[in-house]
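>>> Pasting the sequence and the predicted model now:
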Amino acid sequence: MNFDFSDDQKFLKDQANKFLTEKCDLSRPRKVLENKEPHDSDLWKAIVEMGWTGTTIPEEYGGLGLGHLELCVIAEELGRAIAPVPFSSSVYLATEALLLAGSEEQKQTYLPKLASGESIGTFAVSEGAKPATVKSIETKFDGGAISGTKVPVPDGLSADFAVVLVRTGASASEQSFSLAIADLASTERSVIDTMDPSRQQAQIEFTNTDAALLGEQGAGWDLYRRVLDRAAILFAFEQVGGADACLEMAKAYALDRYAFGRQIGSYQAIKHKLADMYINNELARSNAYYGAWALSSDAPELPTAAAGARVSATQAYHYASKENIQTHGGMGFTWEADCHLYYRRAKMLGLALGGERAWKEKLITSLEQRNVA
């Protein structure tokens, strides 16, 4: 079985790399980080003009009508550039939720706006620092309105609407959940401090906020897990792109920096660091490619592939961003060096859909279920 991308997809990846190399050097995320802007609006506008926000949206809704494989190669290049834009929350999460569960009317209303960049979407699930569970969701949907608090919400200050996981059962014991879609214009939003302010997180207070159900009532938890599996593959490609950028940065410095009359890259300790980074990155890439196949074909193996890709990509990016700093030595820890930009993003992406431990548990559970079957 061939898991490689087609020539057209490789061409798209190359064009995305050239575009982001020109439009998104490391001064972009640094500017957002230092000025505390929600995102880089100029870069976001340029990305929208490229059509990337409509990659998987069908043509009848104003999108490009491409597939998830094309979105995977774009995600890798966005991760390599650590682009400070709300792409993942709007495209991997909100758009996927609408494609999976939206009614025809909802698709006609929201998908063209997402494709054109007129609207930015997000996915509001968590209600605290810990991963969401059936016992932790207290935000309620009743009579066409949402009440409760969601935190952290990715790109919550930039978003125009949110897909929200809500409780619809009459009591906690019923554990009935649904997805609802809500306009954020009337909500109270505030930024929260995180490791990576170049991709801001927000707290959103819903107080009888008008909303409509997305999908069947009571099917929210299953839909949430499906959206999570699909997004995990795309996040993994972002992490692989970032990990590769860390390896390239560390290698370039190791070849340029001299100590005791020799390139530091000639020392065995540095060689080992770079070799370990490469091995971890390639392992993550192979798992991400398997996940891309499962996602594009909607294979039964998708939950297992998603968990495997998520775990290996999280580990690879964290290790690469950490060892990139170590390779740079004392200057690697300074604000002026760019190493910390990748370390921050690695930490943020590692927690974006739930931490590594949660995905390891999911991987184990998925493998056990497959063995029983």
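On my side now, so go ahead. Please read all numbers here as calculations on a predicted model, not as lab measurements. Numbering: from 1, shown residues only.
>>> going forward, measure contacts and count neighbours with C-alpha atoms only.
OK.
>>> So residue 299, which state does it fall into?
When classified by DSSP: H, G, I helix; E, B strand; the rest coil, residue 299 comes out as coil.
>>> Renumber starting at 438 from here on
Happy to do that; since the first residue is 438 now, the last one works out to residue 736.
>>> contacting residues for it?
Applying CA atoms under 8 Å, 6 or more residues apart in numbering, we find residue 736 in contact with residue 730.
>>> Test for you: state the pLDDT assigned to it.
For residue 736, the pLDDT comes out at 95.
>>> tell me the domain ranges of this structure?
The record's domain split for the chain, according to automatic domain parsing, is 444-553, 558-657, 659-809.
>>> quick one: which of those has the weakest pLDDT on average?
With a mean of 90, domain 558-657 has the lowest mean pLDDT of those.
>>> Residue 646 touches residue 622, doesn't it?
No - contact status for residue 646 versus residue 622: not in contact, 9.4 Å apart, counting by CA atoms under 8 Å.
>>> And these two? Which one has more around it.
More neighbours surround residue 646 than the other of residue 646 and residue 622, with 19 against 11 (other CA atoms under 10 Å).
>>> Surely residue 627 is within a strand?
Yes - secondary structure of residue 627 (three-state DSSP): part of a strand.
>>> What is the neighbour count of it?
Applying other CA under 10 Å, I find that residue 627 has 13 neighbouring residues.
>>> First-to-last residue distance for stretch 528-545?
16 Å (CA to CA, to the nearest Å).
>>> Could you list the residues in contact with the strand or helix carrying residue 543?
Assigned by DSSP states H and E, residue 543 belongs to helix 541-553. Applying CA under 8 Å, 6+ apart, the external contacts of helix 541-553 come out as 485-486, 488-492, 494, 498-500, 527-528, 532, 535-536, 556-558.
>>> can you check stretch 776-791 too?
Surrounding stretch 776-791, the residues in contact under the criterion CA under 8 Å, 6+ apart are 466-467, 519, 567-568, 591, 632-633, 665, 669, 672, 676, 679, 683, 751, 754-755, 758-759, 761-762, 769-770, 793.
>>> and if you look at stretch 466-484?
Stretch 466-484 has contacts (CA under 8 Å, 6+ apart) with 460-461, 465, 490, 519-523, 554, 592, 594-595, 633-637, 778.
>>> distance between it and the chain's centre?
Centre-to-centre, stretch 466-484 and its host chain are 17 Å apart (CA atoms, centre = their mean, to the nearest Å).
>>> try stretch 533-549
Relative to its chain's centre, stretch 533-549 lies at 20 Å (CA atoms, centre = their mean).
>>> Identify each buried residue in it, please.
533-536, 538-539, 543-544, 547-549 (16 or more other CA atoms under 10 Å).
>>> do the same with stretch 764-775
Per 16+ other CA under 10 Å, stretch 764-775 contains these buried residues: 764-765, 769, 775.
>>> End to end on it, go ahead and measure it.
13 Å.
>>> what does that stretch rub up against?
Contact with stretch 764-775 is made by 463, 687, 690-691, 707, 710, 761-763, 776-777, as judged by CA under 8 Å, 6+ apart.
>>> What about those, which are in helices?
687, 690-691, 707, 710, 761-763, 776-777 (DSSP state H).
>>> tell me which of those residues is nearest to residue 606?
Of all the ones in helices among the contacts of stretch 764-775, residue 606 sits closest to residue 777, with 44.4 Å by CA to CA.
>>> Could you give the number of residues near that closest one?
19.
>>> for residue 712, same thing?
The tally of other residues near residue 712 (other CA under 10 Å) stands at 12.
>>> Just say helix, strand or coil for it.
Residue 712 is classified as helix under three-state DSSP.
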